[in-house]
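Colleague: 3D model of this:
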Amino acid sequence: MFTTLTKKRFLIALGITVLAIFTIVGIATKQKKSEDISSLSQEDLAKLTKPSVVRIIQHVSGEIVAPDFELDIKKLALTLKPNQTKKLPVNEYLSGSGFVINPSGYILTNSHVISQESVKRLQMEDLLKQAANTKGLDTEQLDPQDLRGWQQFAEDAIQTLINKSQFNLKTQVTVLNPSDSQESQIGLLKNGFPAEIVSVNNNFYEDEKDIGLIKIVSENLPALKLKDGNSSSVGNKIYAFGFPATGEFNNRSPLEATLTVGIISSLKYSQNKDFKIFQTDAKISRGSSGSPLFDENGEVVGIVTFQTYSQSEELGDNFAFAVPILLAKTVLDKNGVANEPGDYGKLFVESLGLLKAGQCQQAVTKLKTAAETNEDFVGEKNLSSYLQYCNQLISSGQSIDTPLARFSSQIKSINGFTWFVVAGRIILVILLAWIVWKLSNRLKKDEGELTELAAELTDIKNEKELLLNKLSQKGVQLPFPEELHSANRQELHIPHPHIVEYVKEARAIGLHDEDIRSELEKAEWGEEEISHALQV
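Modeller: Okay, the predicted model is just below:
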């Protein structure tokens with residue numbers, strides 16, 4: 001059996017131990033959290049963003065009635081032939097990229113990926129090149145100065161032909177199904193998602209606001225987060241994920257997106273100087289249009305729009321350009337579409353935290369749940385490397401899935417400095433506990449002494465009352481000053497006989513002089529009279 005003192009000491013020791021444990025666990029957990037919020041690795045970043053990147057095909061069919069014309073190469077002049085036209089059958093497939101920004105099927109891309117204007121310009125450009133080749137002009141062989149002159153002339157000539165032509169075209173935009181195993185374009189289009197054009201800017205060649213918005217019928221898509229504000233600047237590291245034509249060396253992987261990395265190398269004014277365009281050295285080619293340009297947190301900062309003109313590559317390095325994401329946010333706002341990352345990104349990031357902490361059973365559950373959000377766009381195959389790694393740890397017994405295992409792991413992860421801090425805190429707690437213990441004992445001792453003193457005073461009071469009662473029982477009454485007076489008694493320092501008698505009887509039964517004096521003072525005898533009587 002514990003005594004009360006032993007129990008108290010045991011409880012204090014237990015409290016200090018528990019406090020020490022919580023301190024250690026708290027510090028270890030804090031260290032883990034600081035690790036969890038560290039930057040994603042490039043593999044993590046790829047797995048986070050890739051399921052949101054899609055390949056878009058625009059199929060334009062129909063007919064164009066274009067004016068016939070004469071081309072003067074020396075003067076760079078275009079002359080339309082009156083009342084003469086030519087019919088051009090159209091059956092064009094344009095490929096581009098895009099990315100999901102809302103789980104309900106909303107996808108951002110470039111306007112030129114989904115607009116008929118692209119096909120119109122391509123048709124007129126082909127007409128102009130054919131006419132130039134007929135005249136013996138090879139635009140690929142022009143020197144830089146002549147090339148710039150030809151490009152300006154070609155732009156004006158193409159626009160003239162567009163304005164004078166008649167178009168009878170039909171457009172079908174399709175988002176290819178990322179899980180499709182087909183390799184032919186016809187099969188991929190057949191199994192793809194028909195897309196509704198929500199917003200398109202057909203004036204993108206003039207204002208360079210090359211933003212398009214489409215929607216497919218599908219739910220719980222993995223969506224990317226658009227970066228808040230416009231804080232990207234020169235030197236920032238960026239990534240692009242898309243379907244560049246130069247990345248397709250065969251037709252075996254038509255739905256395998258390409259990740260490239262670079263920096264924002266410059267900020268250039270748009271044609272109207274109403275916004276700035278990102279210039280980047282990330283590798284981009286035809287087909288990358290509409291790709292997301294995102295930072296190391298997986299947040300989209302821009303949309304890849306075009307690259308350096310192929311005719312200009314001889315002048316130096318090839319660069320890519322992207323419009324800032326603020327332009328896309330304006331389009332979303334006008335169409336009442338919100339940017340919602342959805343469940344996949346959240347689950348994936350949570351699983352990464354569990355995986356890095358070695359808690360693989362929970363990580364596997366999260367990864368499988370993430371894969372099930374939309375099997376067409378995600379699927380377990382996209383997360384297979386993480387699942388395989390976790391299953392290996394689980395089978396080898398290295399997975400940290402029980403509270404005891406997590407506690408042991410946290411203890412092992414604490415560095416020397418942290419142990420020093422913990423030891424200092426424990427010593428401080430012990431010192432404070434000792435001080436409290438000593439103060440408590442002193443207070444208890446003082447409390448006991450006061451209790452004893454109060455008991456003694458009570459006993460004295462009771463004893464005094466008993467003696468006074470005994471005097472009363474013997475018939476000795478307390479004398480009062482009014483009973484007897486003598487003119488010269490006080491002058492002669494002669495005590496009053498009644499007081500003397502009272503003092504004598506009181507002493508006889510054991511009353512102390514202090515008690516006798518107290519009683520006489522209550523009876524209003526003077527100090528001098530009382531002192532004289534007590535001296536007898």
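Colleague: all helices for the stretch 151-300 of the chain, in order.
Modeller: Ranges of helices in the stretch 151-300 of the chain, per DSSP state H, counting those that start in this stretch, are 185-190, 204-207.
Colleague: mind listing what's buried in the shortest one?
Modeller: For helix 204-207, burial by neighbour count (16 or more other C-beta atoms under 10 Å) applies to Phe204, Tyr205. For the C-beta atoms, the positions are set from N, CA and C on the backbone; glycine is no exception.
Colleague: what about that helix, distance to the chain center?
Modeller: Averaging C-alpha positions (C-alpha atoms, centre = their mean, to the nearest Å) puts helix 204-207 37 Å from its chain's average.
Colleague: quick one: contacts of that helix?
Modeller: With contacts defined as C-beta atoms under 8 Å, 6 or more residues apart in numbering, helix 204-207 is touched by 110-112, 115, 117, 121, 201, 210-211, 270-272, 274.
Colleague: redo that, cut-off 10 Å
Modeller: By C-beta atoms under 10 Å, 6 or more residues apart in numbering, the surrounding residues in contact with helix 204-207 are 110-112, 115, 117-118, 121, 155, 158-159, 162, 201, 210-212, 270-272, 274-275, 305-306, 323, 327.
Colleague: Can you list which of the residues you listed are found in strands?
Modeller: Judged by DSSP state E, the contacts of helix 204-207 include Gly212, Thr305, Phe306, Val323 as members of strands.
Colleague: quick one: average pLDDT of the helix or strand containing Asp68?
Modeller: If you go by DSSP states H and E, Asp68 is part of strand 53-72. Averaged across strand 53-72, the pLDDT comes to 96.
Colleague: Now do the contacts for Ser289.
Modeller: 56, 94-98, 109-113, 118, 210, 212, 242-244, 303-307, 320, 322.
Colleague: Strands of the stretch 1-150 of the chain, start to end?
Modeller: Per DSSP state E, counting those that start in this stretch, the stretch 1-150 of the chain carries strands over the ranges 53-72, 77-102, 106-109.
Colleague: now the biggest helix by length in the chain: how far from the chain's centre is it?
Modeller: Longest helix of the chain, by residue count under DSSP state H: helix 416-473. Distance, stretch centre to chain centre, for helix 416-473: 54 Å (C-alpha atoms, centre = their mean).
Colleague: on that earlier part again, of all the helices of the stretch 151-300 of the chain, which lies closest to Cys390?
Modeller: Of all those, it is helix 185-190 that lies closest to Cys390, at 32.8 Å by C-beta to C-beta.
Colleague: Okay, buried residues for the closest one please.
Modeller: For helix 185-190, using 16+ other C-beta under 10 Å, the buried residues are Leu188, Leu189.
Colleague: Show me the contact partners of it.
Modeller: With contact meaning C-beta under 10 Å, 6+ apart, helix 185-190 is reached by 55, 57, 59, 93, 95, 172, 174, 176-177, 180-182, 184, 251, 254-255.
Colleague: Which pair of those spans the longest distance?
Modeller: Pairwise distances across the contacts of helix 185-190 (C-beta to C-beta) peak at 22.2 Å, for the pair Gln172 and Ser181.
Colleague: okay, the two: which has more neighbours?
Modeller: Neighbour count, other C-beta atoms under 10 Å: between Gln172 and Ser181, Gln172 has more, with 14 against 9.
Colleague: The more buried one and Ile211, how far apart?
Modeller: Gln172 sits 21 Å away from Ile211, going by C-beta to C-beta, to the nearest Å.
Colleague: can you check Pro222 too?
Modeller: Distance of Pro222 to Ile211, given as C-beta to C-beta: 21 Å.
Colleague: out of these two, which sits in the more crowded spot?
Modeller: The neighbour count for Pro222 versus Ile211, taken as other C-beta under 10 Å, is higher for Pro222 (27 against 23).
Colleague: Can you read off the pLDDT for that one?
Modeller: 97.
Colleague: go on, Leu14?
Modeller: Leu14 carries a pLDDT value of 56.
Colleague: likewise Ile24?
Modeller: With respect to pLDDT, Ile24 scores 51.
Colleague: so where's the stretch 1-150 of the chain uncertain?
Modeller: The stretch 1-150 of the chain contains residues with pLDDT under 70 at 1-39, 140, 144.
Colleague: Kindly report the same for the stretch 301-450 of the chain.
Modeller: 308-317, 402-416, 418-419.
Colleague: now the helices for it?
Modeller: Secondary structure of the stretch 301-450 of the chain by DSSP H, counting those that start in this stretch: the helices cover 325-334, 343-356, 360-371, 384-395, 403-412, 416-473.
Colleague: which strands and helices sit next to the fourth one?
Modeller: When you say that, I think you mean helix 384-395. Using 3 or more C-beta pairs under 10 Å, 6 or more residues apart in numbering; DSSP states H and E, the elements in contact with helix 384-395 are helix 42-49, helix 343-356, helix 360-371.
Colleague: got the angle for it vs helix 42-49?
Modeller: For helix 384-395 against helix 42-49, the angle by axes from the mean of the first three to the mean of the last three C-alpha atoms, to 10 degrees is 120 degrees.
Colleague: Would you mark the buried spots in helix 384-395?
Modeller: Result for helix 384-395 [16+ other C-beta under 10 Å]: buried residues Tyr386, Leu387, Cys390, Leu393.
Colleague: Would you format those as CSV with distance to Ala338 included?
Modeller: Shown next, in CSV, are the buried residues of helix 384-395 (distance: C-beta to C-beta, whole Å):
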residue, distance to Ala338
Tyr386, 29
Leu387, 32
Cys390, 33
Leu393, 38
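Colleague: nearest to Lys47, of those residues?
Modeller: Within the buried residues of helix 384-395, the smallest distance to Lys47 is 7.4 Å, found for Tyr386 (C-beta to C-beta).
Colleague: Grab the nearest non-local neighbour of the closest one.
Modeller: In this structure, Tyr386 finds its nearest non-sequential neighbour in Leu367, 5.7 Å apart by C-beta to C-beta, 6 or more residues apart in numbering.
Colleague: Relative to Thr79, how far out is the one you found?
Modeller: 66 Å.
Colleague: if you count what's nearby, which of the two comes out ahead?
Modeller: Each of Leu367 and Thr79 has its neighbours counted (other C-beta under 10 Å); Leu367 has more, 27 against 11.
Colleague: Run the chain-centre distance for stretch 92-109.
Modeller: When distances are taken as C-alpha atoms, centre = their mean, stretch 92-109 is centred 26 Å away from the chain's centroid.
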